[in-house]
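# Quick one: sequence and predicted model below, then my questions.
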Amino acid sequence: EVQLVESGGGLVQVGGSLRLSCAVSGVTFDDYAIGWFRQAPGKEREGVSCIGRTGEDIGYAYFLKGRFTISRDNAKNTVYLQMNNLKPEDTGVYYCAAGPDSRLIAREYDYWGQGTQVTVSS
C-alpha cells in the first residue's frame, strides 16, 4: 500500500517558521518526484514546490519569493519543506504527492497524502 504521510504543520505567528515532512512508503521512493500543494479555505488547490527524483529539478511557485525551501533525503524516504517568514496567506492544508515528473501540476501526481494544517496568525 502506498502511503504519504505529512507532518510538521501547526499554528505559528506571522514571520515564524515551520518544517513540513512527507514520509513515503509502499513505492520505490527515488522513482518519484514529490510535490507540495496547498489548499486554503474556499480556494482551489495550488502548487507550492516540487523536487525531482535525485533532488535536482526543483521548482517553486512564483509567489513564494524565496521563503520556502524543498529538499529530500532518499535514505529516509522523506521530503521536507522548510517554510520561513510565514504570512497569513500561507494558511491552508498542505499536501504532498508523488508523481513521475517534478512539475506543479496536481493532475500529474499519482499518490497523495492526507494533508497537514498550517495556520499563520497575525
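Yes, it's here.

# So which residue is dead centre in this protein?
Residue closest to the average C-alpha location in the chain (C-alpha atoms, centre = their mean): Trp36, at 2.6 Å.

# other SSEs contacting the helix or strand that residue falls within?
Secondary structure assigned from DSSP states H and E places Trp36 in strand 33-39. If contacts are counted by 3 or more C-beta pairs under 8 Å, 6 or more residues apart in numbering; DSSP states H and E, strand 33-39 sits against strand 18-25, strand 46-51, strand 78-83, strand 92-99. Yep, even glycine has a C-beta here, placed from its N, CA and C like the rest.

# pretty sure the residue nearest to the centre of the chain is in contact with Leu81, am I right?
Yes: contact criterion C-beta atoms under 8 Å: Trp36 and Leu81 qualify, at 5.1 Å.

# Give me the common contacts of those two.
Residues touching both Trp36 and Leu81 by C-beta atoms under 8 Å, 6 or more residues apart in numbering: 20, 22, 48-49, 70, 94, 96.

# By neighbour count, which of those wins?
Cys96 (30 neighbours; other C-beta atoms under 10 Å).
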